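*Asks:* fold the following and give me the result.
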Amino acid sequence: MTRAEQRRLAALQAAQASGSGPGGSAMPPSLVLELYSEPVAFHRPFVELTGSVTAALFLSCACDEAGKLPGDSDGWIHLSTEQWRHLSCLSRTEQGSARKALRERGLLEERRVGMPARLAVRVNIARIMEQLQVQAKRNFSAFDEIDYSRIG
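*Replies:* Residues are numbered from 1 along each chain as shown. You can find the predicted model right below:
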């Protein structure tokens with residue numbers, strides 16, 4: 001259990017003990033915010049692209065992190081397993097399975113760097129865009145038949 005999860009559990013237990021939890025009076029806003037912190041979301045098309053909700057979630061988090069890198073960056077993301085867990089809420093095992101699925105599809109590259117060796121990942125944006133275009137053509141083939149000159 002992560003520290004954040006431990007804090008949330010302790011806060012909930014304290015609220016229940018004081019009678020302000022579920023079934024008691026209203027919870028204080030600070031507790032509600034702690035219990036319902038920012039959601040972890042993923043891009044729905046990534047599920048079909050990756051074949052897995054877990055891999056889609058990891059890929060979405062990796063894309064978000066890649067977007068935060070400086071423009072002159074080489075694209076490698078250097079995060080620990082615990083940092084990935086905080087971002088994605090995926091366990092170490094779930095992260096490994098997700099990364100494997102992404103590597104097999106050519107959507108993610110990995111390398112070990114430094115001493116001690118740490119894992120770095122890089123999102124293959126070109127491959128993702130290529131696969132999303134294939135997916136879009138397959139799922140929305142009727143769009144190719146629309147006469148856009150008549151719209152407007």
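*Asks:* wait, S52 sits on K100?
*Replies:* No - with contact defined as C-beta atoms under 8 Å, S52 does not count as touching K100 (10.0 Å). C-beta coordinates here come from the backbone N, C-alpha and C atoms, glycine included.
*Asks:* neighbour count for these two, which is higher?
*Replies:* S52 (18 against 14; other C-beta atoms under 10 Å).
*Asks:* got a list of what the closest residue to the more buried one other than its chain neighbours touches?
*Replies:* With C-beta to C-beta, 6 or more residues apart in numbering as the criterion, S52 has its nearest non-adjacent residue at 5.5 Å, and that residue is A101. Contact analysis of A101 by C-beta atoms under 8 Å, 6 or more residues apart in numbering lists 50-52, 54-55.
*Asks:* please, where are all the strands along the chain?
*Replies:* Using DSSP state E, the strands of the chain run over 108-113, 118-123.
*Asks:* okay, now the domains of the chain?
*Replies:* 3-35, 45-140 (automatic domain parsing).
*Asks:* how far does the longest one stretch from one end to the other?
*Replies:* Spelled out, it's domain 45-140. Distance across domain 45-140, first residue to last, is 13 Å (C-alpha to C-alpha, to the nearest Å).
*Asks:* what's around H43, how many residues?
*Replies:* 15.
*Asks:* from R92, how far off is it?
*Replies:* 23 Å (C-beta to C-beta, to the nearest Å).
*Asks:* kindly report the same for E110.
*Replies:* From E110 to R92 the distance is 15 Å (C-beta to C-beta).
*Asks:* before we move on, back to that, sort out which of the contacts of A101 are buried, if you could.
*Replies:* Among the contacts of A101, the ones that count as buried by 16 or more other C-beta atoms under 10 Å are 50, 52, 54-55.
*Asks:* which of those residues fall within helices?
*Replies:* 50, 54-55 (DSSP state H).
*Asks:* okay, those in JSON lines with pLDDT next?
*Replies:* Listed next are these as JSON lines, based on pLDDT from 0 to 100:
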{"residue": "T50", "pLDDT": "96"}
{"residue": "T54", "pLDDT": "97"}
{"residue": "A55", "pLDDT": "98"}
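*Asks:* can you tell me which of those is nearest V32?
*Replies:* Nearest to V32 among those, counting by C-beta to C-beta, is T54 at 28.2 Å.
*Asks:* I figured that closest one hits L90, correct?
*Replies:* Yes - using C-beta under 8 Å, T54 is in contact with L90, at 6.4 Å.
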